[in-house]
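[1] I need the structure of the sequence given here:
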Amino acid sequence: MTTLLHRISHPAPSPTFPSPVALGLCAASFTALLIWTSVRTSFNSDSPRSIPSPASSQIPELPEDQIKSLPYPPNALPGSRHVDSPYGRTRVYEWGPENGPRILLIHGISTPSIALADLAHRLVAEGYRVLLFDLFGRGYSSAPCSQAHRYDSALYMSQILLCIQSSPVPWPSFTIIGYSLGGAIAADFTSYLPNLVEGLVLVASGGLIRTKHISWKSRILYSTAGFIPESLIKRLVTRRLWTGPQAARSIEPEPDLSAVSSNPDEPRAGGLRSHAVYTSSQLRLLPGNDYSTVSNVVDWQILHHKGFVPAFISSIRYAPIHNQHHRWKVLAENISTKAGKLREVWLVLGETDPIIIADEMVEDAKAILGDNLKLKIVKGAAHEVAIDSASEIVEIIKTLQ
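    As a prediction, this is how the structure comes out:
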């Protein structure tokens, strides 16, 4: 699921939009500012700035037959490239018609970009050009050291802008589909840069999760007060995320078993204390690859990406998952004042999602966005709605044109 940001002044409303060239220059300047702000604290440190991904730590040592059997092989999606930055390297995938409408997809907190593989392929088949990337600390992207960098709004905004500007084709404006944590990041990003985003689809999105759902165990575990040594926190979180060969369990964030009732008539717990984030952790992510299940991919990251668990922990702490009403209000204000091209926000929810409680999310989002909120609740779907209901999301995208 999904988490992040701090403050930058609201853009001045104006009915006249800047040219694509001006937008590009502004985005480049904004990227440079974010990078400098985030990395300046680590210049005097002797510790490495980032933890390498399996692309350099595992893949070079594996024979071809073992690479093919990975749950997330390096050639999983077309159009792959690496984007270098002061934070480390980001794995990016981009393909589709060069003149097609642009769509950026942002995945959730634990499963990298291949979680949205089916959705991306369906969009390309409809004529769209898509760009996906692995968030820092996931998949084949490096992990900025969490001691020097918070996994917060500034970090993720910088990563998005770096990925877009690395494209061989221009991205003057685009639609964002954000899933879980990716939805929280997408809403946050759009609130700061409304001129870049012309469509926004938030799928099982974080951002407005009510803090009442955070159990006391989670509050202690993810506290930054130093009550628990970081090494112990990493071990505990790893234990909660680990699937193993036989278990079928929650993937995101961590279950609080004491909060789960066996009575189906009782309201779902919601938030970070939910027990079953994915109805089935055996969902297959890549066609023709039986190894590529949600649980296998998470376990593979735990085993082979040393930055995965620290990135997960820091995202829970600092990403814009909870109480982002202030940024969503800016989003609503930008729409009403026509500060950019965005005119509505689509919210796609799973009817039985135990993390993003549909009734709560609709109530809170509607109170902020009003008539600018468009809603789709997928019957029978849980938190994996972006994985197993891709066709319904594509139909929404087609209405945006």
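[2] show me where the stretch 101-250 of the chain has strands.
    102-106, 129-133, 143-144, 174-179, 197-203 (DSSP state E, counting those that start in this stretch).
[3] ditto for the stretch 301-401 of the chain
    Using DSSP E, counting those that start in this stretch, strands in the stretch 301-401 of the chain cover 345-350, 373-378.
[4] Tally up the residues packed near Val237, please.
    By other C-beta atoms under 10 Å, 20 other residues sit near Val237. C-beta here means a position set from N, CA and C on the backbone, and glycine is covered the same way.
[5] Then Pro354?
    When neighbours are counted by other C-beta under 10 Å, Pro354 comes out with 22.
[6] Roughly how far does it sit from Lys212?
    15 Å (C-beta to C-beta, to the nearest Å).
[7] One more: Pro112?
    Pro112 is 30 Å from Lys212, by C-beta to C-beta.
[8] could you dump the strands of the stretch 101-250 of the chain to CSV with distance to Ala339, mean pLDDT and mean neighbour count?
    CSV is the format used below for those (distance: least, C-beta to C-beta, whole Å; pLDDT from 0 to 100; neighbours: other C-beta atoms under 10 Å):
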stretch, distance to Ala339, mean pLDDT, mean neighbour count
strand 102-106, 19, 98, 25
strand 129-133, 24, 98, 26
strand 143-144, 31, 96, 28
strand 174-179, 16, 98, 27
strand 197-203, 11, 98, 26
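[9] Which of the ones you listed sits closest to Gly340?
    strand 197-203 (6.5 Å; C-beta to C-beta).
[10] follow-up on the earlier one: counting neighbours around each, name which of Pro112 and Lys212 comes out higher.
    Comparing Pro112 with Lys212 by neighbour count (other C-beta under 10 Å), the higher total belongs to Pro112, at 29 against 10.
[11] That one contacts Gly137, correct?
    No: with contacts counted by C-beta atoms under 8 Å, Pro112 stays clear of Gly137, the gap being 9.6 Å.
[12] and the gap between the closest residue to Lys366 other than its chain neighbours and Pro73?
    Spatial nearest neighbour of Lys366, chain neighbours left out: Leu373 (5.6 Å); criterion: C-beta to C-beta, 6 or more residues apart in numbering. Leu373 is 39 Å from Pro73, where distance means C-beta to C-beta.
[13] Name the spans of this structure whose pLDDT lies under the cut-off.
    Applying pLDDT under 70 to the chain flags the ranges 1-48, 245-281, 401.
[14] So for it, the centremost residue is which one?
    Gly182 (2.4 Å; C-alpha atoms, centre = their mean).
[15] show me the contacts for the closest residue to it other than its chain neighbours.
    Distances taken as C-beta to C-beta, 6+ apart place Ile106 nearest to Gly182, at 3.2 Å, with adjacent residues excluded. By C-beta atoms under 8 Å, 6 or more residues apart in numbering, Ile106 lies in contact with 133, 135, 160, 176-179, 181-183, 185-186.
[16] let's go with 10 Å and repeat that
    2, 113, 116, 131-133, 135, 156, 159-160, 163, 176-186, 189, 203 (C-beta atoms under 10 Å, 6 or more residues apart in numbering).
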